[in-house]
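*Asks:* following is a predicted model, sequence given first.
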Amino acid sequence: MDTMLLYVLIGVATGILSGLLGIGGAVIVIPALVFIYGFSQQQAQGTTLALLLLPIGILAVLPYYQQGYVDLRVVALIAVGFFFGGYVGAKIATNLPSATLGKVFGVVLVILGLRFLLR
């Protein structure tokens, strides 16, 4: 399959799952970039974080907002924390070995998955 088309298909799958379940970059794009394209963990995370610079979630948010499921005050407060916390996390991540960062990423996904399954 053409590489560019596969990137777009990853985006489509991510968009569908993001709109449906609120998941995306961390669960779909990062593993796809690492396992399909051979990106390092840092390359995959950096590329995925760059998606946040684009207004890609606007259409996904619109139905939630229209139904009253978006608290803009909470969005603003979390965004402020994410703005600064993201920088700190990126500084740490870019200084870790890719294998270590990948293991940390995997552990976090497993813990979160178990948390949702056992609630």
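*Replies:* Happy to help now that I have it.
*Asks:* in stretch 94-101, what's buried?
*Replies:* By neighbour count on 16 or more other CB atoms under 10 Å, the buried set for stretch 94-101 is Ser98, Leu101. Every residue, glycine included, has its C-beta placed from N, CA and C.
*Asks:* and stretch 50-67, by the same measure?
*Replies:* Ala60.
*Asks:* contacts for that stretch next, please.
*Replies:* With CB atoms under 8 Å, 6 or more residues apart in numbering as the test, stretch 50-67 has contacts from Gly15, Ser18, Gly19, Gly25, Val29, Val70.
*Asks:* pLDDT value on the first one, please?
*Replies:* Going back to what we said before, that points to Gly15. For Gly15, the pLDDT comes out at 88.
*Asks:* by contact count, what packs against the lowest-mean-pLDDT helix or strand in the chain?
*Replies:* Sorted by mean pLDDT, DSSP states H and E, the helices and strands of the chain end with helix 3-21, the least confident at a mean of 90. Counting contacts by 3 or more CB pairs under 8 Å, 6 or more residues apart in numbering; DSSP states H and E, helix 3-21 packs against helix 58-66.
*Asks:* give me the angle between the helix it packs on and helix 3-21.
*Replies:* 10 degrees (axes from the mean of the first three to the mean of the last three CA atoms, to 10 degrees).
*Asks:* for the spatially most central residue of the chain, give me its contacts.
*Replies:* Residue closest to the mean C-alpha point of the chain, counted by CA atoms, centre = their mean, is Gly25 at 2.5 Å. Gly25 makes contacts with Thr14, Thr48, Leu49, Leu51, Leu52, as judged by CB under 8 Å, 6+ apart.
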